Structure formats: structure tokens, C-alpha cells
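> From the sequence below, what's the structure:
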Amino acid sequence: MIHFRRFCLLAVFGETGQMTEARGSDGENEKRRAEIAGRIEAFARASGYGFSPAKDKIVRELVRMHNRFGDFYCPCQPENVDETVCICVEVKAGYVEEFGRCH
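Predicted coordinates:
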């Protein structure tokens, strides 16, 4: 689980309990990692949040979601719709302030 200090971004683990690895070429994955890391870092700075040490694992999971479903869908949401693309609507609307972390 990653926590912005009042956090967001929860990891999804496979049946073995291990983080699933993104598929795609190394170049594509690196570009996607940079894109989503930049997005969540900018949001965290603007919101006054911080990250747990699990940030890199979460970024890999978001890349895996992109490779599998075509966008950076929140891995803890039940649906892959526009409202669940990271940073999801719930987090933008104050979920972290209310619950201390996302989902």
C-alpha cells in the first residue's frame, strides 16, 4: 500500500501476494513510469502530501494497469472508467483528507 502522508494510491497484488509486473517494452514502460510518477508527484506537492516507501511499487502497478487497460486506472477501484484514472475523482474531492489515505 502506498500512502501519501494523508495518502492515496493502493497497490493491487496477485494471488501470490506479489506485485504484478507491467508488460510492454522497456522504453514504453519507462516513459509511462515517468508520466505517472510526474503526475502523482505534482499532485502530492500541490496537496501537501508525501509518499510511503512503496511509491515505486505503486508506480509499476499503475503502468501495468495502463498496459492492460489503456490508461492509469486506480488499481483499487472496481471499474476502469474516466473517474478512476489516477489521480481519481474521489481523491481530488477530499477522500484523503477524510480517511487519511486512499482506498
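> longest helix in the protein, by residue count?
Counting by DSSP state H, the longest helix found in the chain is helix 26-47.
> Following the chain onward from that one, which element is next?
Using DSSP states H and E, the helix or strand that follows helix 26-47 in sequence is helix 55-69.
> so after that following helix, what's the next helix or strand?
helix 89-92.
> Show me the shaky parts of the protein.
By pLDDT under 70, the weakly predicted segments of the chain are 1-23, 103.
> at 90 instead, please
1-27, 44, 48-55, 57-58, 74-78, 95-97, 99-103 (pLDDT under 90).
> And the longest helix of the chain, what's buried?
Neighbour-count burial for helix 26-47, counted by 16 or more other Cβ atoms under 10 Å, picks out 29, 32, 33, 36, 37, 39, 40, 43, 44, 47. For glycine as for every other residue, the C-beta is placed from the backbone atoms N, C-alpha and C.
> Turn those into a markdown table, columns for distance to residue 67.
Output for the buried residues of helix 26-47, formatted as a markdown table (distance: Cβ to Cβ, whole Å):
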| residue | distance to residue 67 |
| --- | --- |
| 29 | 7 |
| 32 | 8 |
| 33 | 11 |
| 36 | 12 |
| 37 | 16 |
| 39 | 16 |
| 40 | 17 |
| 43 | 22 |
| 44 | 23 |
| 47 | 27 |
